[in-house]
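K.L.:
Sharing a model that was predicted from the sequence below.
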Amino acid sequence: MAFELPALPYTTAALAARGMCQETLELHHGKHHQAYVTALNGFVTANAALAGKSLEEIVMMTNGKADMAPVFNNAGQHWNHMLFWTNMSATGGGIPGKLEAKLIADFGSVQAFKDAFKTAATTQFGSGWAWLIMDASGKLKCTKTPNGSNPLATGEGKALLGCDVWEHSYYLDFRNRRPDYVTNWLDKLANYEGVSL
């Protein structure tokens, strides 16, 4: 069965008042994410070893294999974006008590978490992602991955929040000011209510 572009959980105009304009969402979801899905389906059709595999299986089986890099990149980006869309909300920014307590326990404060996340996002050279993950011991950590990689591939832990720091995520709204985009994302867009610990 072919992979499909998931519908956004909000309208393309829903995040505009919170710092992500309709054009950004239309291009990012309808063009960029769709291109990853289309390319991935082409690779699956052309390679019998990929047929019938789940997205997670494809990410894992192609990770680190130079000859499968195009497959990994598109599968990884499809996986990343499916999380990214649900990691944002038109009512984002509010942190529920259970998550707040866990952030304070593991980072020292909510602000320390935001600082660590922002550091991961802004020190990722070039394209990539910043993540809030839960490691195998149950501790929350911030990390980053280049290009289409993710915590599923690296084995660092369970991805709870992922912020896309490719320029197409923020250039229309913030130009080259990635730090401002990340601060806005954490304070106004992040769907902390949807984080399951």
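P.N.:
Received, thanks.

K.L.:
per the record, what domains does this structure have?
P.N.:
22-86, 97-194 (automatic domain parsing).

K.L.:
Now those domains in JSON lines, please, with extra columns for mean neighbour count and mean pLDDT.
P.N.:
For the C-beta atoms, the positions are set from N, CA and C on the backbone; glycine is no exception. Below are those laid out as JSON lines (neighbours: other Cβ atoms under 10 Å; pLDDT from 0 to 100):
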{"stretch": "domain 22-86", "mean neighbour count": "17", "mean pLDDT": "98"}
{"stretch": "domain 97-194", "mean neighbour count": "18", "mean pLDDT": "98"}
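
K.L.:
Ala116 is in contact with Gly108, isn't it?
P.N.:
No - taking contacts as Cβ atoms under 8 Å, Ala116 lies outside contact range of Gly108: 9.7 Å.

K.L.:
and for these two, which residues touch both?
P.N.:
Common contacts of Ala116 and Gly108 (Cβ atoms under 8 Å, 6 or more residues apart in numbering): none found.

K.L.:
Would you agree Gly52 falls within a strand?
P.N.:
No - with DSSP: H, G, I helix; E, B strand; the rest coil as the criterion, Gly52 is assigned coil and is not in a strand.

K.L.:
quick one: it from Ala90, how far?
P.N.:
Applying Cβ to Cβ, to the nearest Å, the value for Gly52 to Ala90 is 37 Å.

K.L.:
can you check Lys141 too?
P.N.:
Per Cβ to Cβ, Lys141 is found 28 Å from Ala90.

K.L.:
Could you do Val165 as well?
P.N.:
21 Å.
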